[in-house]
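K.L.:
sequence and computational prediction follow.
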Amino acid sequence: MKKMSNKAFIPLVYVCALAFGLLSMLAPNDYFFSAAYTVLLFVILSMAWNILGGYTGYVNFGTAAFFAMGAYTTVALFKFDPKMPIGVMIIGGTIIAGLTGLGMGALTLRLRGVFFSIATLALSVVMFTFVVNWDYVGGARGAYVIAPQDVPFGFKRYIYFLYAIMVFLSATSIVVARLIESSTIGRGLEAIRDDELAAECCGVPTLRLKLLSTTISGALMGMAGATYPFFVSYVEPASTFNLSYAVNSIAMPLIGGMTTWIGPLIGSLLLGSVQQWVQVTVSSAWNLLIVGVLLVVFVTMAPEGIMGWWFEFRKRQRIRKGGAQ
Amino acid sequence: MSEATSDLLVVTGVVKRFGGFTALDGVDLNLKAGERLGLLGPNGSGKSTLVNCICGTLFNDAGSVKFEGHEVSRMAAHKRIRRGLARSFQLPKPFGTMTVVENLCVPILYAANARHGAVHATPAMAREQAMEILKKMGLAAKANEMSSGLTQVDMRKLELARAMASQPKLLISDEAMAGLSNSEVDEIIDLLFTLKEQGIAVIMIEHIMRAVMRFSERVAVLVAGKKIADGDPQDVMRNPEVERAYLGE
């Protein structure tokens, strides 16, 4: 099976994203865009989580912290100058969350396995406490971030614009994941995941690659988070640091399959859409229950996720074909 | 080259303690380029600890490790292999989610590439080089199999092949033959002999006496963290201290 070159892949992703965005104009109502925003948010979060969790093998429970870093960078920048373009805020959020990732990596990456995971959860709590006590961004009261009246680039409503941004950012996160996956860095991360000591003894600079991985993963999460204040208009710590971000961004790659970029994409589109659908048709309280049940089903029945299933299916088919010849 | 650098590896007075226990107590060891050394010693005598100190998976508390005249004892393991100091593990540590050939690409892309500087191997070239090595090691037929599914003997071969892929100047084989049958042991020894032809020095750590005697030009014996003998294999075997360590009083 020959893999597509990155030169062909990158334009293809953006063209698909553009087509998807244009197709969305056929949506029957505006609620679609709110729901789709949330799904795309999870596409980015799980893509980002997978860079550290899937490629490198370090399970991060602190997704909410990085996400919130992005969101609160926007809040802080908005307080500083409400007219600042959203692009600047996204870049700011990406950088701040990336630096948070780098810092977390430097502090915790000497820990392995479950100890690393606990440390990331602790980081989330520390960040939460920090934000609750930071008055400039509203503290525990929360803060309003009102989207500007005149929407840029001639979009009719701000949610359309936000949606378009999310489509673009999702495509970007896919490109980043695929670039890492297909590069020497990706090979090194894979080696770390399989056996860190052996990787080090094969010349892989494990510490440096792990730091790179936490930084990129954190940065992408922050990038997604930076758009969030404009989506909800009112940001407060309890919901921004919600554990559901961590749970979802772990469950989605796990269900989709963690070894390739396709896994988290499928997982997040599937699980995200089901959640949105259930929220409207059944009740919003069922959301996390579904995640939990699916997680248990997949961990027991298909631990390699949907993609793992698919690869296994293809392999069997090939063997059967080979046998027939 | 100055006199001090004529030896490939110079280990002087290496001490390693784990809490109150002294695993290595001032070990000296020299090795010339292309030499084949057998390292013997009863269980717990510090052989693997010495390997770990030489390769950088552990840092020695005192003493020095010089490789090609450069002090490497404070250098991270990945930097040492880039200089040409490779090892295989006692318990095979394959990259389980990769195929056999991909396993070899890791040291080619990371260790060999880093050394050659400008002449970088692209992933496609790395794959070709890896296949060459697998052919020599008799693993070519399994190149595209998952490494986690290999048999024990193939996994040992993969360990050696992966160490080879980094194009080392010194390869330390840490009990590559433990638990293998006689014919499998011979297979591995033959592979190690081919390294000599390529000018690679080898330190072989082994319990299987027959293998050590057949393979080594020189034998060193560690007992309780101290080197008690070093020299011609036959002489070392006749050394009364060595006999006592192995057979008791």
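P.N.:
That came through fine. Residues are numbered from 1 along each chain as shown, chains lettered A, B, ... in the order given.
K.L.:
for chain B, see how far away residue A:126 is.
P.N.:
Counting by C-beta to the nearest C-beta, to the nearest Å, the separation of residue A:126 from chain B is 30 Å. C-beta here means a position set from N, CA and C on the backbone, and glycine is covered the same way.
K.L.:
quick check, central residue of the chain?
P.N.:
Using chain A. Centre of chain A computed as the mean C-alpha position; nearest residue by C-alpha atoms, centre = their mean is residue A:45, 1.2 Å away.
K.L.:
that's the wrong chain, I meant chain B
P.N.:
The central residue of chain B, meaning the one whose C-alpha is nearest the mean C-alpha position (C-alpha atoms, centre = their mean), is residue B:172 at 0.8 Å.
K.L.:
look up the closest residue to the residue nearest to the centre of chain A, ignoring the ones flanking it.
P.N.:
Of all residues not flanking residue A:45 in the chain, residue A:249 sits nearest, at 4.2 Å (C-beta to C-beta, 6 or more residues apart in numbering or on different chains).
K.L.:
contacts for the helix or strand containing the one you found next, please.
P.N.:
Using DSSP states H and E, residue A:249 sits within helix A:243-256. Residues from elsewhere that reach helix A:243-256, judged by C-beta atoms under 8 Å, 6 or more residues apart in numbering or on different chains: A:42, A:45-46, A:48-50, A:53-54, A:59-64, A:67, A:121, A:124, A:221, A:262-268, A:270-272, A:287-288, A:291, A:294-295, A:298-299, A:305-307.
K.L.:
against residue A:173, how distant is the residue nearest to residue A:45?
P.N.:
Distance check for residue A:249 against residue A:173: by C-beta to C-beta, to the nearest Å, it reads 12 Å.
K.L.:
tell me the SS of the residue nearest to the centre of chain B?
P.N.:
Recorded secondary structure, residue B:172: strand (DSSP: H, G, I helix; E, B strand; the rest coil).
K.L.:
just to revisit the earlier point, just the buried residues of the contacts of helix A:243-256.
P.N.:
Among those, those scoring as buried are A:42, A:45-46, A:48-50, A:53-54, A:59-64, A:67, A:121, A:124, A:221, A:262-268, A:270-272, A:287, A:291, A:294-295, A:298, A:305-307 (criterion: 16 or more other C-beta atoms under 10 Å in any protein chain shown).
K.L.:
how about the strands in chain B?
P.N.:
Listed in chain order, the strands of chain B (DSSP state E) span B:9-18, B:21-31, B:36-40, B:62-67, B:70-71, B:85-88, B:170-174, B:201-205, B:218-223, B:226-231.
K.L.:
adding mean pLDDT, write those strands out as CSV.
P.N.:
Compiled in CSV, these are given as follows (pLDDT from 0 to 100):
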stretch, mean pLDDT
strand B:9-18, 92
strand B:21-31, 91
strand B:36-40, 91
strand B:62-67, 92
strand B:70-71, 91
strand B:85-88, 92
strand B:170-174, 91
strand B:201-205, 91
strand B:218-223, 91
strand B:226-231, 89
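K.L.:
now residue A:72, nearest residue through space, not along the chain?
P.N.:
Using C-beta to C-beta, 6+ apart and skipping residues adjacent in sequence, the residue nearest residue A:72 is residue A:137, 5.3 Å away.
K.L.:
distance between the host helix or strand of residue A:93 and the chain's centre?
P.N.:
Using DSSP H and E, residue A:93 maps to helix A:86-108. Its chain's average C-alpha position is 14 Å from that of helix A:86-108, according to C-alpha atoms, centre = their mean, to the nearest Å.
K.L.:
ok, and what's touching the helix or strand following it?
P.N.:
Sequence order places helix A:113-132 as the next helix or strand after helix A:86-108, per DSSP H and E. Residues outside helix A:113-132 that contact it (C-beta under 8 Å, 6+ apart): A:58-62, A:64-65, A:68-69, A:72, A:100, A:104, A:107-109, A:111, A:137, A:139-140, A:237, A:240-241, A:246.
K.L.:
mind listing what's buried in helix A:113-132?
P.N.:
A:116, A:117, A:119, A:120, A:121, A:123, A:124, A:127, A:128, A:131, A:132.
K.L.:
kindly calculate the angle that it makes with helix A:243-256.
P.N.:
Relative orientation of helix A:113-132 and helix A:243-256, computed by axes from the mean of the first three to the mean of the last three C-alpha atoms, to 10 degrees: 150 degrees.
K.L.:
between helix A:113-132 and helix A:86-108, how big is the angle?
P.N.:
Between the direction of helix A:113-132 and that of helix A:86-108, the angle (the same axes, to 10 degrees) works out to 130 degrees.
K.L.:
got the contact list for residue B:110?
P.N.:
Contacts of residue B:110 were listed using C-beta under 8 Å, 6+ apart, and they are A:184, A:188, A:202, A:203, A:204, A:205, B:78, B:82.
K.L.:
distance check, the last one against chain A.
P.N.:
Translated: residue B:82. The gap separating residue B:82 from chain A is 5 Å, by C-beta to the nearest C-beta.
K.L.:
number of residues surrounding that residue?
P.N.:
21 (other C-beta atoms under 10 Å in any protein chain shown).
K.L.:
hey, C-alpha coordinates of the helix holding residue A:93 in PDB?
P.N.:
Coordinates of the C-alpha atoms in helix A:86-108 are reproduced here as PDB (Å, rounded to 0.1, in the frame of the first residue of the first chain):
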ATOM      1  CA  ILE A  86      -9.600  36.800  16.500                       C
ATOM      2  CA  GLY A  87      -6.700  35.600  14.500                       C
ATOM      3  CA  VAL A  88      -4.300  37.300  16.900                       C
ATOM      4  CA  MET A  89      -6.100  35.700  19.800                       C
ATOM      5  CA  ILE A  90      -5.900  32.200  18.300                       C
ATOM      6  CA  ILE A  91      -2.200  32.600  17.700                       C
ATOM      7  CA  GLY A  92      -1.800  33.900  21.300                       C
ATOM      8  CA  GLY A  93      -3.800  31.000  22.700                       C
ATOM      9  CA  THR A  94      -1.700  28.600  20.700                       C
ATOM     10  CA  ILE A  95       1.500  30.000  21.900                       C
ATOM     11  CA  ILE A  96       0.500  30.200  25.600                       C
ATOM     12  CA  ALA A  97      -0.900  26.600  25.600                       C
ATOM     13  CA  GLY A  98       2.200  25.400  23.800                       C
ATOM     14  CA  LEU A  99       4.400  27.000  26.400                       C
ATOM     15  CA  THR A 100       2.200  25.400  29.100                       C
ATOM     16  CA  GLY A 101       2.800  22.100  27.400                       C
ATOM     17  CA  LEU A 102       6.500  22.700  27.300                       C
ATOM     18  CA  GLY A 103       6.500  23.600  31.000                       C
ATOM     19  CA  MET A 104       4.400  20.600  31.900                       C
ATOM     20  CA  GLY A 105       6.700  18.300  29.900                       C
ATOM     21  CA  ALA A 106       9.800  19.700  31.600                       C
ATOM     22  CA  LEU A 107       8.200  19.100  35.000                       C
ATOM     23  CA  THR A 108       6.500  15.700  34.500                       C
END
